[in-house]
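>>> Quick one, what's the 3D model for this:
(chains A and B)
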Amino acid sequence: TQLLEQSPQFLSIQEGENLTVYCNSSSVFSSLQWYRQEPGEGPVLLVTVVTGGEVKKLKRLTFQFGDARKDSSLHITAAQPGDTGLYLCAGATITGKLIFGQGTTLQVKP
Amino acid sequence: NAGVTQTPKFRVLKTGQSMTLLCAQDMNHEYMYWYRQDPGMGLRLIHYSVGEGTTAKGEVPDGYNVSRLKKQNFLLGLESAAPSQTSVYFCATSDGINSPLHFGNGTRLTVT
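Reported below is the predicted structural model:
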C-alpha cells in the first residue's frame, strides 16, 4: 500500500510567523499536487510540481519537490489569517493513482 | 460557469435507507471521481469513471454503487446506509489521468 505521510496534522500560529508542511513517502511519484480547502468547500489546487528538485513560488507560498520525487514541502512566509485552512498534498503514482496525504489543518491567529 | 455541482448539500439518513448523490459538471472532463473525507484520513477514492458508460472501483468501494450514463453526470448510490458511511462526500473531475482535480463543494451525510 502506497502511503503519503503529511505532517504536522495541526498547526496553530500567530500572524507573521513562518511555517513548513511536509509530505513524505517511500514511493516515487510522477508529480505532486498541493490543494487548499476552506470549511464547507471542496479542495482547490494550489500548484503541481513535476520535476525532482523543482521549486515553485506562489506569493508567500513556496513549494518544493524532493530530488528523488518521494517527498515535498510547503513553506509559508509571514502567515496571514487568510491562509487558515486545510492543506492537502496528493502524489500521482506511475500506475495512474492519486494518493492523498491526511491533511494539515492550519490556523493563523491575528 | 458552475464547474462541479453536487446535490444535495446535506442529508440525514437512518440505517438501512438508500439515497443517491448527484454530481454534475460543465467542464467537459472525461474523468469523474467520488471521494469521501473523514477526519485524519484525507480523501479516499470510492469509485471513478474514465468516460461515459464506464465505472471502476477505487480504494473504498464497498457499500456504494455508481453510474455514468451521461458524460456530465456521475451518480453515487448507497443501497443500505450504515453509520460507518457518515462522512463528507466530494465529487471531482479531471481532464486526464493524474491531472489536477476540480472538486464540488461536498455533501455532508449523516447516518443514524
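
>>> Quick check: closest non-adjacent residue to residue 18.
Using chain A. Distance criterion CB to CB, 6 or more residues apart in numbering or on different chains; nearest residue to A:Asn18, sequence neighbours excluded, is A:Thr77 at 5.3 Å. Backbone N, C-alpha and C define where each C-beta goes, glycine included.

>>> Please refer instead to chain B.
Nearest residue to B:Ser18 in three dimensions, chain neighbours excluded: B:Glu79, at 5.3 Å (CB to CB, 6+ apart).

>>> can you check A:Leu61 too?
Closest to A:Leu61 by CB to CB, 6+ apart is A:Ile76, at 5.6 Å.

>>> Starting from B:Val66, give me the distance back to that neighbour.
37 Å (CB to CB, to the nearest Å).

>>> Show me the strands in chain A, by range?
A:5-7, A:10-14, A:19-24, A:31-37, A:44-49, A:55-58, A:61-65, A:71-76, A:85-92, A:98-100, A:104-109 (DSSP state E).

>>> Is it possible to get TSV of these that adds mean pLDDT, mean neighbour count and distance to B:Lys71?
Below are those laid out as TSV (pLDDT from 0 to 100; neighbours: other CB atoms under 10 Å in any protein chain shown; distance: least, CB to CB, whole Å):
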stretch	mean pLDDT	mean neighbour count	distance to B:Lys71
strand A:5-7	95	17	33
strand A:10-14	97	13	40
strand A:19-24	98	19	33
strand A:31-37	97	23	24
strand A:44-49	97	18	22
strand A:55-58	97	13	32
strand A:61-65	98	20	33
strand A:71-76	98	21	33
strand A:85-92	96	24	23
strand A:98-100	92	24	21
strand A:104-109	97	17	35
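
>>> List just the one of those that sits closest to B:Ser94.
strand A:98-100 (8.8 Å; CB to CB).

>>> Neighbouring strands - and their directions - for that closest one?
strand A:85-92 (antiparallel) (DSSP bridges).
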